[in-house]
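[1] All I have is the shape, not the residue letters:
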């Protein structure tokens with residue numbers, strides 16, 4: 001039987017982190033926001049760090065699922081995959097209302113970055129989908145170059161999600177995703193290779 005209180009605590013924690021950052025996410029604040037006893041929260045999570053990790057796992061699992069779906073339906077080209085990856089990140093980070101960058105903003109209250117391993121998994125979705133285009137990549141290690149491109153796009157999307165005038169949250173999302181893909185292609189193919197017509 002599913003725990004009916006765990007999602008309520010995670011929702012409350014997410015609202016607090018989005019508004020006040022990880023530093024504001026205390027057991028007392030989360031219990032008060034959820035309107036449930038603090039003892040009930042402590043029964044489910046041993047520490048605030050464990051709660052932050054559970055929240056990050058939930059947020060980035062949703063992100064990973066959507067990015068995978070976008071990659072499966074992407075235009076069958078390196079540019080198409082890069083664009084789908086960027087679009088998926090921009091969309092899910094916008095839907096989370098600033099929560100994703102807040103979870104990773106440092107220096108945080110915790111020793112480890114909650115969600116860092118999940119972000120590596122999300123980058124891996126792009127690398128695994130795009131490795132079939134390794135022949136188009138001029139860098140000596142295609143997988144490493146793809147991971148670098150995935151990191152750069154991810155960082156740009158996280159930074160965008162933290163801005164009040166986020167392009168990823170507005171009607172400019174698709175154009176911005178293409179811009180990020182274009183920049184990644186320059187890294188992967190070298191500056192002298194032509195970008196595909198958009």
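    Structure's in. What do you need? All values derive from a computational prediction rather than experimental measurement.
[2] got the contact list for residue 183?
    By Cβ atoms under 8 Å, 6 or more residues apart in numbering, the contact set of residue 183 is residue 152. Heads up, the C-betas are built off the backbone N, CA and C, glycines and all.
[3] Check the gap between it and residue 162 for me.
    Look at residue 183 and residue 162: by Cβ to Cβ, to the nearest Å, they are 19 Å apart.
[4] Check residue 146 too.
    Distance check for residue 146 against residue 162: by Cβ to Cβ, it reads 25 Å.
[5] what about the two, which has more around it?
    Legend: neighbour count by other Cβ atoms under 10 Å for residue 146 and residue 162, higher for residue 146 (28 against 15).
[6] so the more buried one makes contact with residue 188?
    Yes. At 7.1 Å, residue 146 and residue 188 qualify as touching, with contact defined as Cβ atoms under 8 Å.
[7] Which neighbours do the two have in common?
    By Cβ under 8 Å, 6+ apart, the residues touching both residue 146 and residue 188 are residue 137.
[8] Phi, psi for residue 34 please.
    Torsion angles at residue 34 (phi, psi; degrees, to the nearest 10) stand at phi -80, psi -10.
[9] show me where pLDDT drops low in the protein?
    Where the chain drops to pLDDT under 70, the residues are 105-115, 191-198.
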